[in-house]
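[1] I need the structure of the sequence given here:
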Amino acid sequence: MSYQWLTLWRYADTFLEAAWLTLQVTLLAFILAVALGLLAALAKSSPLTPVRWLSHCYVEFIRNTPVLLQIFIIFFGLPSLGITMSAFSAGVLALGINVGAYLSETFRAGIQSVAKGQLEAAYILGIPRRQIFLSVVLPQAARAVWPAIINNLIQLLLGTSLLSAIALPELTGTATVINARTLLYIQTFSIVALVYLVLSNLFSWLGNLAGRRMFHPPLVAPVKKPGWRWAKKWLINPVKRENAL
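    From the prediction side, this is the model:
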């Protein structure tokens, strides 16, 4: 049994390269998803009806169609329109568009959670609308939906496994190739599952750490109040009381 694991040890560099590629796709797609999600959330509250309609169509189409189908449309369908891209670019674009639709609803819920009284107070003070959004709305909305954002990031990481269908050598695609060479299915998939588990917990830990740093105010040292001994001396010693007065 040990020789089987030694056989897979020769592919350690291949597993590391696949893990690094998975991280690249995850982070780039997440940046795109955050941008698209924020734009779609703001578009849904736009006074322009066409803008709201486009945002609604985008969210409904993405949330009600399979992710794999969206990947196939971008990778196999766009070349028929003269738009050709690599498997890496197609994977980043497809996953970013998909997760962006879910993040738009998350962001919209966070924006709606901000108390209207704070917005009215900011308007009365004459603060510009852009500054109100950046300084008042966005920090509070991000704090309210931060756990959901991290959860979407982890789901995006796990969703990169679907990119093996377009021959991207990420973790799952690499495991499929190694399986074809070694026929060690259980061992290979166990290693890949362990890597996904480590990366998911790493993202969760980093997300919680970042949330505590960004959204929790610094602790303020408590003000020392005069204790009973000081009060007792004040009441008993009339000289000190008269000098203090």
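
[2] any chance you could list what contacts the host helix or strand of residue 148?
    Element membership of residue 148, judged by DSSP states H and E, is helix 138-159. Counting by CB atoms under 8 Å, 6 or more residues apart in numbering, the neighbours of helix 138-159 from elsewhere in the structure are 22, 26, 29-30, 33-34, 67, 95, 98-99, 102-103, 106-107, 109-111, 113-114, 118, 196, 199-200, 203-204, 207-208, 211, 214-215. Glycine gets a C-beta too; all of them are placed from N, C-alpha and C.

[3] among those, which are located in helices?
    22, 26, 29-30, 33-34, 67, 95, 98-99, 102-103, 106-107, 109-111, 118, 196, 199-200, 203-204, 207-208, 211, 214-215 (DSSP state H).

[4] could you turn the buried ones of those residues into a PyMOL selection?
    Only the buried members of the ones in helices among the contacts of helix 138-159 enter the following PyMOL selection, criterion being 16 or more other CB atoms under 10 Å:
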select buried, resi 22+26+29+30+33+34+95+98+99+102+103+106+107+110+111+196+199+203+207+211
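
[5] about what we covered before: centre of the chain to the next helix or strand after the helix holding residue 148, how far?
    Using DSSP H and E, the helix or strand that follows helix 138-159 in sequence is helix 171-182. Helix 171-182 has its C-alpha centroid displaced from the chain centroid by 28 Å (CA atoms, centre = their mean, to the nearest Å).

[6] helix 171-182 to helix 138-159, inter-axis angle?
    10 degrees (axes from the mean of the first three to the mean of the last three CA atoms, to 10 degrees).

[7] burial count for the nearest residue to residue 32 once chain neighbours are set aside?
    Here the nearest residue to residue 32 in space, its sequence neighbours aside, is residue 96; by CB to CB, 6 or more residues apart in numbering that works out to 3.1 Å. Neighbour count for residue 96, taken as other CB atoms under 10 Å: 22.

[8] coming back round to it: would you mind listing the buried residues in the helix holding residue 148?
    For helix 138-159, the buried set under the neighbour-count rule, 16+ other CB under 10 Å, comprises 138, 140-142, 144-146, 148-154, 156-157, 159.
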